[in-house]
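J.: what follows is a predicted protein model with its sequence.
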Amino acid sequence: MTTSTGKTLISTLAICLGLSAGQIAWADGGFTNDEPQVELVAVLAPTTNAPPGASGEAHLDIEGTNAMAEASLDLETTGLSNGTYAASVTLISDGSTVALGNFDITTPFEFFPEGTNTDESESHVELPLPPGLDPTNIASLSVSDLTGNVLLSGAFAPESQGDGIHGTEHLGLSVILNPTTNAPPGAVGEGHFDVEDTNGVMSATLDLEVSGLSNGTYTASVTLKSDGSTVVLGNFDVSNEVDNAQQEGDNVQFGDNGGLPLPSGLNPMDIGSLSISDLSGTVLLTGDFMASSPGDDGQFDAEVTVESGISHPSVTGLATVQALITHGKMKSKFSLTAQGLPAKSRFTVKVNGVAGGTVRSNPQGLVKLTKLPKGTNPLALKSVQLFDSQGHLAAKAKF
């Protein structure tokens, strides 16, 4: 993890356990070597409860032999104050939360070479995972203070994938920013959002146009699809004069291509809505990228790799999504093909972690899906997973 200069607090939580071979159903009778078989990472993004600059990263490694399987969970946090914190995970199978235990961030000590202004504090603790917890069933991790306020959270994904995807995605949306009852008469706006994602490397721009607001300083904020939290993008001025190349009158751009920078750690694909507030926090204009209304246009195209789960390591495939919004009306297509699965077997399909039906493989071990569960918004699609009859992850596609 890259850290900035200044006082930085880092804690590392190492959770190690030993499981008998019968506790995890490995394919083909188990592992044949001692190298890690699954390496997962979760980038922990700060919530609105976290102190400024807080972030984190967790690594979940699962390895084993025919006789034993072992899992380790390493947690690194930055920017949290000294104190005691709680780590917990959510489960893929039912979304429940399991507490892992507490860890301390202690008094800083000099860690970096002389001449830097950075202090780091480390605290290590080893805790057994709760009895019966299958590490392959862990979906995400969160860090909370002792009052229960979640400060950092993130979902696990393959190490090579990090917090991104294996494939390409393009999202381009326009939304009308409608006035609230607090807005002056005639106030209106429009947001134009464009994101490109290639194998987890993103570029994003958000163009904002407003009219009818009085001269002054305003705040642009977004809400996240993943947890509904609010992230402040920054302030901008409404003025009759051109202030700089980034801002012309009532127009402002955030993101790449010379715009004002987006907040560090923000996943642009996770943006659900946009709002404009005055400096007292009163919302004046708002628009929802997820709820198409007359005047909204956009498109979403994705082509990502279908990856194998732990129980069926030879699975390969491809998943695609196409969604077109014209004047507020959406048309979409979806397909997922996975091969290398057991023949003539039934699998539970989960979309964004929620069971949406079952599918059966053909005699060649091929599964084809051509539609999402009824009511699924393609713009909110994050994952499609196949689970076998034993409840083990067989295949997955991340969007």
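T.: Sure thing, it's come through.

J.: from what I can see Ser308 touches Ser314, true?
T.: Yes: using CB atoms under 8 Å, Ser308 is in contact with Ser314, at 6.5 Å. Quick note: C-beta positions are derived from backbone N, CA and C, even for glycine.

J.: of these two, which one has the most company?
T.: Remark: of Ser308 and Ser314, Ser308 carries more neighbours, 20 against 11, as counted by other CB atoms under 10 Å.

J.: what pLDDT does the nearest residue to that one once chain neighbours are set aside get?
T.: Once flanking residues are discounted, Ser308 sits nearest to Val315: 3.9 Å by CB to CB, 6 or more residues apart in numbering. pLDDT, Val315: 91.

J.: give me the common contacts of Ser308 and Ser314.
T.: Counting by CB atoms under 8 Å, 6 or more residues apart in numbering, the shared contacts of Ser308 and Ser314 are Gly340.

J.: OK, contacts around the residue nearest to Ser308?
T.: Contacts of Val315 by CB under 8 Å, 6+ apart are 306-309, 338-341, 394-395.

J.: what about the strands in the stretch 201-350 of the chain?
T.: 201-211, 216-224, 230-238, 247-248, 251-255, 271-278, 283-288, 297-308, 316-326, 329-339, 346-351 (DSSP state E, counting those that start in this stretch).

J.: just tell me which of these ends up closest to Lys382.
T.: Ranking the strands of the stretch 201-350 of the chain by their distance to Lys382 (criterion: CB to CB) puts strand 346-351 first, at 8.6 Å.

J.: against which helices or strands is the next helix or strand after that closest one packed?
T.: Sequence-wise, the next helix or strand downstream of strand 346-351 (DSSP states H and E) is strand 354-360. For strand 354-360, the packing partners by 3 or more CB pairs under 8 Å, 6 or more residues apart in numbering; DSSP states H and E come out as strand 346-351, strand 367-369.

J.: give the buried residues for strand 354-360.
T.: Neighbour-count burial for strand 354-360 flags 356, 359 (criterion: 16 or more other CB atoms under 10 Å).

J.: and the closest residue to Thr370 other than its chain neighbours, how many neighbours does it have?
T.: Take Thr370 and drop its neighbours on the chain: the residue closest to it by CB to CB, 6+ apart is Ser335, 5.6 Å away. Ser335: 14 surrounding residues under other CB under 10 Å.

J.: Ala355 versus Ser335, what's the distance?
T.: As for Ser335, its distance to Ala355 is 20 Å (criterion: CB to CB, to the nearest Å).

J.: follow-up on the earlier one: beta partners for the residue nearest to Thr370?
T.: For Ser335, the beta-bridge assignment (DSSP bridges) gives partners Thr320.

J.: tell me the confidence at it?
T.: For Ser335, the pLDDT comes out at 95.

J.: that one and Ser226, how far apart?
T.: 24 Å.
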